[in-house]
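Asks: need a 3D model of the following:
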Amino acid sequence: MSIALDRGLSVLEHLAQHPQGLPITLISHELDIPLSACHRLLADLQRCGYVRQARRQGDYVLTTKMVSLGLGFLSSAGIVDVAEPLLERLAQTSGELVRLSIVDEDRLTWVAKSQGIRQTGLRYDPDMGQDARLSCTASGHAWLMTMSDERALELVSRQGFGTPAEYGPKAPTTIKALTGFLHAARVRGYAMIDEVFAPGMAAMAAPVMRRREVIGVISIAGPLSRCSTARMHELSAPLLAAAAELGPVSNASNLFGRPPLGKG
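Replies: Below is the predicted model:
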């Protein structure tokens, strides 16, 4: 990859983590890009419509062009249309946030969600389009549990365990602790965590299989006050049923952006 392309993508990814925007000096410092080169990159990205300045000589922020590209891809791939009724049904059953993530080589990305109807109380609603932190999310564990420990640890090592600000108080931060979570998930048949991704939050997830290939993950997440261990065990049957139903449906569509096995 060329240096300019690598730096340009790094700038876009960095700005995606700072929706309020960042000044050019901070972008240059945090990404270790010379200020002059950073200025040229931002000027090119601004010319192409991917970034803008919040005000004259102000912070740089992403435009909605990146969002439009992602939503256009999801729409043309049929992901949301095919998965939406399943997610909505599971959200109604659970009363909590249901999310779908898709496997894209070595990444797991949240692409669709449905929020169960709650008139009062805490609503748990993280943004879509982010990659799941494999070591401390139920979605990550549900994907990793389908692999060998060696392959799972390879992916986690590549992504990293993150910093304390990026996970909850019970998150695994060592290989031994993580493999314990994965072994328990394999025995159970689905991943289940509490205060691992964030304090006071719980989640569970199951892999979506197309034949013998993992193509995505469905998860349920909510406050620990509602998502007790007993409640999550109750929800395991509808969660697994939704995951099992989505797999065969994807065989008849271009869901998850690639053809079914044996179809090219």
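Asks: how about the helices in the stretch 51-200 of the chain?
Replies: Secondary structure of the stretch 51-200 of the chain (DSSP state H, counting those that start in this stretch): helices at 65-77, 79-94, 138-144, 149-159, 175-188.
Asks: and those as TSV, adding mean neighbour count, mean pLDDT and distance to residue 13?
Replies: Heads up, the C-betas are built off the backbone N, CA and C, glycines and all. Output for the helices of the stretch 51-200 of the chain, formatted as TSV (neighbours: other C-beta atoms under 10 Å; pLDDT from 0 to 100; distance: least, C-beta to C-beta, whole Å):
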stretch	mean neighbour count	mean pLDDT	distance to residue 13
helix 65-77	13	65	10
helix 79-94	18	85	22
helix 138-144	29	98	19
helix 149-159	15	95	13
helix 175-188	15	97	25
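Asks: redo these as TSV? Include distance to residue 51.
Replies: Listed next are these as TSV, based on distance: least, C-beta to C-beta, whole Å:
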stretch	distance to residue 51
helix 65-77	9
helix 79-94	26
helix 138-144	29
helix 149-159	26
helix 175-188	36
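Asks: residue 234: which of these is closest?
Replies: With C-beta to C-beta, the closest approach to residue 234 among the helices of the stretch 51-200 of the chain belongs to helix 79-94: 9.3 Å.
Asks: could you dump that closest one to PDB, C-alpha only?
Replies: Extracted in PDB, the C-alpha atoms of helix 79-94 (Å, rounded to 0.1, in the frame of the first residue of the first chain):
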ATOM      1  CA  ILE A  79     -28.300  -7.500   4.400                       C
ATOM      2  CA  VAL A  80     -30.800  -5.200   6.100                       C
ATOM      3  CA  ASP A  81     -33.900  -6.200   4.100                       C
ATOM      4  CA  VAL A  82     -33.300  -9.900   4.700                       C
ATOM      5  CA  ALA A  83     -32.300  -9.700   8.400                       C
ATOM      6  CA  GLU A  84     -34.600  -6.900   9.500                       C
ATOM      7  CA  PRO A  85     -37.800  -9.000  10.300                       C
ATOM      8  CA  LEU A  86     -35.700 -11.600  12.200                       C
ATOM      9  CA  LEU A  87     -34.000  -8.900  14.300                       C
ATOM     10  CA  GLU A  88     -37.200  -7.100  15.000                       C
ATOM     11  CA  ARG A  89     -38.900 -10.300  16.100                       C
ATOM     12  CA  LEU A  90     -36.100 -11.100  18.500                       C
ATOM     13  CA  ALA A  91     -36.000  -7.500  19.800                       C
ATOM     14  CA  GLN A  92     -39.700  -7.700  20.600                       C
ATOM     15  CA  THR A  93     -39.300 -11.100  22.300                       C
ATOM     16  CA  SER A  94     -36.300  -9.900  24.400                       C
END
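Asks: show the end-to-end separation of stretch 163-177, please.
Replies: End-to-end distance for stretch 163-177: 16 Å, by C-alpha to C-alpha, to the nearest Å.
Asks: okay, and the helix or strand of this protein with the least pLDDT?
Replies: For the chain, scoring each helix and strand by mean pLDDT, DSSP states H and E identifies helix 65-77 as the least confident one, at a mean of 65.
Asks: ok, then the element right after the one helix or strand residue 206 maps to?
Replies: Under the criterion of DSSP states H and E, residue 206 resides in strand 201-210. Counting by DSSP H and E, the next helix or strand C-terminal to strand 201-210 is strand 213-223.
Asks: what comes up buried for that next one?
Replies: 214, 215, 216, 217, 218, 219, 220, 221, 222, 223 (16 or more other C-beta atoms under 10 Å).
Asks: give me the spatial nearest neighbour of the third one, chain neighbours excluded.
Replies: Spatial nearest neighbour of residue 216, chain neighbours left out: residue 208 (4.1 Å); criterion: C-beta to C-beta, 6 or more residues apart in numbering.
Asks: sweet, I'm off.
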